[in-house]
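S.K.: could you work out the structure for the sequence below:
(2 chains)
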Amino acid sequence: MRSRLYPVFKYTVIALWACFVAGPFFWAMTTSFKNANAVQGGPTYIPWAQYKPTLTGWRNIFGGAGGIDVIDPFVNSAIITVAASAISLALGSLAAYALSRYRFKLGFIKNSDIVFFFVSQRIMPPVVLVIPFFYLLQWGGLLDSIPGLVIVTVALLLPIAVWVMVDFFNGIPREIDEMAMLDGCPPFQTFVRAILPNSLPGLTVAAMFCAVFGWNDFFFAFRLTFTEVQTLPQAVVALNSSIPPWWTLSAAALFGVAPLILLALWVERLLSKGNLSGAVR
Amino acid sequence: MDGLRRHKSMFLLPGLLTLFLIIIFPLLFTIRVSFSGWNVSNPAMDFIGGANYTAMLHDSRFWASITRLILLAGGTVLIQYVVGFGMALLVWRETRGRRLWRVLFLIPMMTTPVVMAAIWQTIFHESLGPANDLLDMLGLTGIPWLTESGPALVALMTVEVWQWTPFMFLLLLAGLLSLPKEPFMAAAIDGAGTWRTFWKVTFPLMAPVSVAAVIIRLIEASKLSDSVYVLTSGGPGSSTETPGYYLYIQGLRDQQTGYGGAMSLTYLVLMIVTLTVVAALLTRAFKLKGDS
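M.R.: Numbering: from 1, shown residues only, chains lettered A, B, ... in the order given. Below is the predicted model of the structure:
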């Protein structure tokens, strides 16, 4: 039915897209091993043949002279991401469980309205919140601090956690709750002992989303922290300018996205094993 | 039963109250501030009525940024949808190498947008970047990517398409994989060709997933501001400014707090209204198609 040329067309399109996707990473990788001469001489791509690779860029981001330190921002980003994700997952899965299992009615507000309230927060542009956050954190003495940034990051992540988990809990049979209850388990223990262990795929997806959005946040970090706490995206963007040193920028950028690439590879493994089949519908 | 009722609130309330506190207080604060003359020289919560809103109505830079955002968001999401759907259709029936495609499509959307935008900025560098070098190899003249308004918008859209087409692809591929087989068999028996099968069977069946994917992307795209900051800083002039970026300039960098508040709320309300209307229109359009 399909023409002979179809496979040719297909693989051409896929190859072109692959180049487009991989291009920026390839460019960053080669640039990170260049020095001033190699960058200012115009674009080059092939190490050894077109330029002599050096480790200057990579040395610069690990405390080399004239570079920047990426370790502190990395640690800050990690603490903020892990703390905000943990809080969001804990509060979010509790709320999602309640919304999945019980009926709420407060006047005209029903379960679906509460779920919508959570999810609708994704519509809020960060810039709308950032002005009040600035003054609230200043008033609370939390401006330019890790706890301050954790609090505002929860606002970003909690809606995601609720969204993923409501959908997931709805897919877990209610018989599991009922059996645990019949065994005399109080509701909270039912949740912890019977539901959570069955929710690992859902929690993994929710945690992945939280980690990515938390790690990638730039807006809040940029506007709400200055000198004391710098996150990794902030540190990389601070190096950004239309003129070199691109080698340092490239090395820092690759270092900054490396955890996410590892996460992507790991998620892909889970996907291909079907471990998340129940969660990604 | 009483115990249960108490418990259900205890499950829900911690999360609900947290979000409420984090969102609602700031929002009330913004509403109050938008009616004040708070700025860099006068940090006071006085009441000046709707003066900020009147000023905003005459601020052509703000309205230009809104129009630009609508075009940018609409344009990039459309490209992402068409390309993402096309790629999903290409690899749909393919079992060979499926993992490779998935890795290829997972990575851009997971990497930090501002960090990759910084790399893209070096790619678009007029004389030292590979974008113009590539054009040169093809025998074309270089383009002043980031210093002229038209090319700067194209550069911005390229970065968005690079980052978010994978999202469309993954969602649409999941949709394609979960389609029922019967309609396709029926179409094959009727002797429908590839194009006819696509327009009469695949596309209508994919309408719900498509609408959901497009709306989610539109919501995210309507917040566009970080990549503008890194790639062009709104420039040249103010030709690539989006409301998010212009608001940052006015409200935070120049500390026109009251005015920034007024624009924030207008931006938010416009976004909610527009997205709701678009969502309703899309849902209706595709329902009508499915019925006929």
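
S.K.: contacts, neighbours, all on C-alpha from now
M.R.: Fine.

S.K.: elements contacting the longest helix seen in chain A?
M.R.: When chain A is parsed with DSSP state H, its longest helix is helix A:71-101. In terms of contacts (3 or more C-alpha pairs under 8 Å, 6 or more residues apart in numbering or on different chains; DSSP states H and E), helix A:71-101 is packed against helix A:146-170, helix A:200-216, helix A:232-238, helix B:2-34.

S.K.: and whichever helix or strand comes after the last one, what's buried?
M.R.: Once helix B:2-34 ends, the next helix or strand along the chain (criterion: DSSP states H and E) is helix B:51-57. For helix B:51-57, the buried set under the neighbour-count rule, 16 or more other C-alpha atoms under 10 Å in any protein chain shown, comprises B:Ala51, B:Asn52, B:Tyr53, B:Met56.

S.K.: for the stretch 1-150 of chain A, what lies in contact range of chain B?
M.R.: For the stretch 1-150 of chain A, the residues in contact with chain B (C-alpha under 8 Å from any C-alpha of the partner chain) are A:2, A:10, A:14, A:18, A:20-21, A:24, A:27-28, A:39-43, A:91-92, A:94-99, A:102, A:118, A:122-129, A:131-133, A:136.

S.K.: what's the closest of the helices and strands packed on helix A:71-101 to B:Gly260?
M.R.: Closest of the helices and strands packed on helix A:71-101 to B:Gly260 is helix B:2-34, at 7.3 Å (criterion: C-alpha to C-alpha).

S.K.: ok, and does that closest one reach over to chain A?
M.R.: Yes. Using C-alpha under 8 Å from any C-alpha, we find that helix B:2-34 touches chain A at B:4, B:7-9, B:11-16, B:19, B:22-23, B:26-27, B:29-30.

S.K.: now do that helix and helix A:146-170, the angle between them.
M.R.: Helix B:2-34 and helix A:146-170 meet at an angle of 130 degrees, taking axes from the mean of the first three to the mean of the last three C-alpha atoms, to 10 degrees as the criterion.

S.K.: ends of stretch B:193-207, what's the gap?
M.R.: 20 Å (C-alpha to C-alpha, to the nearest Å).

S.K.: so which bits of that stretch are buried?
M.R.: Result for stretch B:193-207 [16+ other C-alpha under 10 Å]: buried residues B:Thr197, B:Phe198, B:Lys200, B:Val201, B:Thr202, B:Phe203, B:Pro204, B:Leu205, B:Met206, B:Ala207.

S.K.: now do that stretch: distance to the chain's middle.
M.R.: Remark: stretch B:193-207 is offset 27 Å from the chain centroid, using C-alpha atoms, centre = their mean, to the nearest Å.

S.K.: interface residues of the stretch 151-292 of chain B facing chain A?
M.R.: Close to chain A, as judged by C-alpha under 8 Å from any C-alpha, the stretch 151-292 of chain B has residues B:162, B:174, B:194, B:219-220, B:222-223, B:226, B:230, B:244, B:247-248, B:251-252, B:257, B:261, B:264-265, B:268, B:272.

S.K.: from those residues, which would you call buried?
M.R.: Looks like these have B:162, B:174, B:219-220, B:222-223, B:226, B:230, B:244, B:247-248, B:251-252, B:257, B:261, B:264-265, B:268, B:272 buried, using 16+ other C-alpha under 10 Å.

S.K.: got the buried residues for the longest helix seen in chain B?
M.R.: The longest helix of chain B (DSSP H) is helix B:257-291. The neighbour-count criterion (16+ other C-alpha under 10 Å) identifies B:257-265, B:267-268, B:271-272, B:275, B:279, B:282-283, B:286 as the buried residues of helix B:257-291.

S.K.: pretty sure B:Leu106 contacts A:Ala264?
M.R.: Yes. Counting by C-alpha atoms under 8 Å, A:Ala264 is a contact partner of B:Leu106 at 6.1 Å.

S.K.: indicate the residue of chain B located nearest to chain A.
M.R.: Closest to chain A within chain B is B:Leu12: 4.0 Å, counting by C-alpha to the nearest C-alpha.
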